[in-house]
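Trainee: Show me the folded form of this:
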Amino acid sequence: MTTIAAFHAHPDDEALLTGGTLARAAADGHRVVLVVATIGMDGEDPSRMAELEASAKVLGVRRVVHLGYAGSGHGAILYPDPPGWVRFVRADTDEAAARLVAILREERASVLLSYDRNGGYGHRDHVKVHEVGTRAAELAGDVRLFEATIPRDTVARLVRIVRLLRIPFRYDVDALLRAYSGRSEITHTFGVRRFAKAKQAAIAAHGSQVTGNGRLAPLMRVLTRLPAPVFGLVFNREWYIDATPGGVTDPDAGREPGRRRP
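Mentor: Residues are numbered from 1 along each chain as shown. Next up is the predicted model:
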């Protein structure tokens with residue numbers, strides 16, 4: 001048994017990108033710690049913190065930590081820092097990494113989950129998570145770093161489904177299809193179908209995002225209303241790149257039995 005620290009940009013990212021993995025790890029007896037860089041644009045939003053705690057409970061997470069930054073937003077405008085806070089994208093990378101390393105050492109974590117170099121779909125806070133996670137793994141020196149991602153061909157299929165169902169989708173599709181990671185870059189694929197119910201419930205826990213006006217809200221509403229077996233069929237895998245400093249030492253460690261390297 002080990003301690004796994006999952007580092008995310010915002011509340012709801014943990015459920016959408018790694019919810020099945022976290023639930024599976026917790027069910028297998030591992031201690032799971034969730035670290036989020038930001039909880040709201042103005043500092044720490046109590047309602048979003050409560051939603052994050054509820055999501056974490058569903059997934060079996062044992063501890064939730066706010067790294068201490070404000071959200072940076074996504075779009076052309078980068079707003080000034082709110083009073084008493086620094087927007088995450090403006091944070092000094094080494095300073096933020098040092099905060100994360102302190103948590104890793106306190107928890108004696110041996111695995112760190114972060115994001116791929118594109119920051120998934122390119123949100124500035126997600127790219128910063130990649131930078132800080134990479135630096136933290138270098139500073140810690142004794143953790144395996146796995147970067148959460150999605151294969152681009154899978155993204156393309158999901159986009160086609162969203163369009164077919166006429167779900168409002170306010171993203172640049174061409175840019176999205178260049179985001180995330182090529183399948184050849186992915187080293188680990190985890191089957192999480194058994195934990196579909198937990199992942200779906202964790203998404204639903206973020207009520208402000210499900211019912212809000214954000215770009216992802218229409219899709220999140222659909223996801224939370226899908227019958228659990230259908231949800232599990234669509235979201236039955238989660239993907240990672242082993243980015244451990246020094247190179248991949250065991251590319252098949254943690255891979256689902258019988259699955260080969262792409």
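
Trainee: use CA for all of it now, contacts and neighbours both
Mentor: Noted.

Trainee: so where's the longest helix in this structure?
Mentor: In the chain, with assignment by DSSP state H, the single longest helix is helix 124-140.

Trainee: pLDDT averaged over the next helix or strand after that helix - what is it?
Mentor: Downstream of helix 124-140, the first helix or strand assigned by DSSP states H and E is strand 144-149. Mean pLDDT, strand 144-149: 98.

Trainee: strands paired with strand 144-149, and their directions?
Mentor: Paired strands of strand 144-149, with direction, are strand 111-115 (parallel), strand 237-242 (antiparallel) (DSSP bridges).

Trainee: Any chance you could list what contacts the shortest one?
Mentor: To tie it back to what came earlier, the one meant is strand 111-115. 2-8, 126-127, 129-130, 133-134, 137, 143-149 (C-alpha atoms under 8 Å, 6 or more residues apart in numbering).

Trainee: out of those residues, which are buried?
Mentor: 3-8, 126-127, 129-130, 133-134, 137, 143-149 (16 or more other C-alpha atoms under 10 Å).

Trainee: that older thread, rebuild the strands paired with strand 144-149 as CSV, extending it with mean pLDDT, mean neighbour count and distance to Val35.
Mentor: Converted to CSV, those look like this (pLDDT from 0 to 100; neighbours: other C-alpha atoms under 10 Å; distance: least, C-alpha to C-alpha, whole Å):
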stretch, mean pLDDT, mean neighbour count, distance to Val35
strand 111-115, 98, 26, 10
strand 237-242, 98, 22, 18
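
Trainee: Would you reformat the ones you listed as TSV and include distance to Asp45?
Mentor: Listed next are the strands paired with strand 144-149 as TSV, based on distance: least, C-alpha to C-alpha, whole Å:
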stretch	distance to Asp45
strand 111-115	23
strand 237-242	29
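
Trainee: Pull the contacting residues for Arg124.
Mentor: So Arg124 contacts 72-74, 89 (C-alpha under 8 Å, 6+ apart).

Trainee: May I have the helix or strand of the chain with the lowest mean pLDDT as CSV, with CA atoms only?
Mentor: In the chain, the helix or strand scored least confidently by mean pLDDT, DSSP states H and E is helix 173-176, which has a mean of 82. What follows is helix 173-176 as a C-alpha-only set of coordinates in CSV (Å, rounded to 0.1, in the frame of the first residue of the first chain):
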residue,chain,number,x,y,z
VAL,A,173,-12.7,22.0,-31.7
ASP,A,174,-9.6,22.3,-34.0
ALA,A,175,-7.5,23.4,-31.0
LEU,A,176,-9.0,20.7,-28.8
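
Trainee: Not counting its own residues, what contacts that helix?
Mentor: The contact list for helix 173-176, computed with C-alpha under 8 Å, 6+ apart, reads 121, 155, 159.

Trainee: Counting neighbours, what do you get for Met1?
Mentor: 9 (other C-alpha atoms under 10 Å).

Trainee: how about the strands in this protein?
Mentor: 3-8, 31-38, 63-69, 111-115, 144-149, 188-191, 237-242 (DSSP state E).

Trainee: strands paired with the first one, and their directions?
Mentor: Sheet neighbours of strand 3-8, with direction, are listed as strand 31-38 (parallel), strand 111-115 (parallel) (DSSP bridges).

Trainee: Distance to Leu177 added to the ones you listed, as a markdown table?
Mentor: A markdown table is the format used below for these (distance: least, C-alpha to C-alpha, whole Å):
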| stretch | distance to Leu177 |
| --- | --- |
| strand 31-38 | 26 |
| strand 111-115 | 17 |
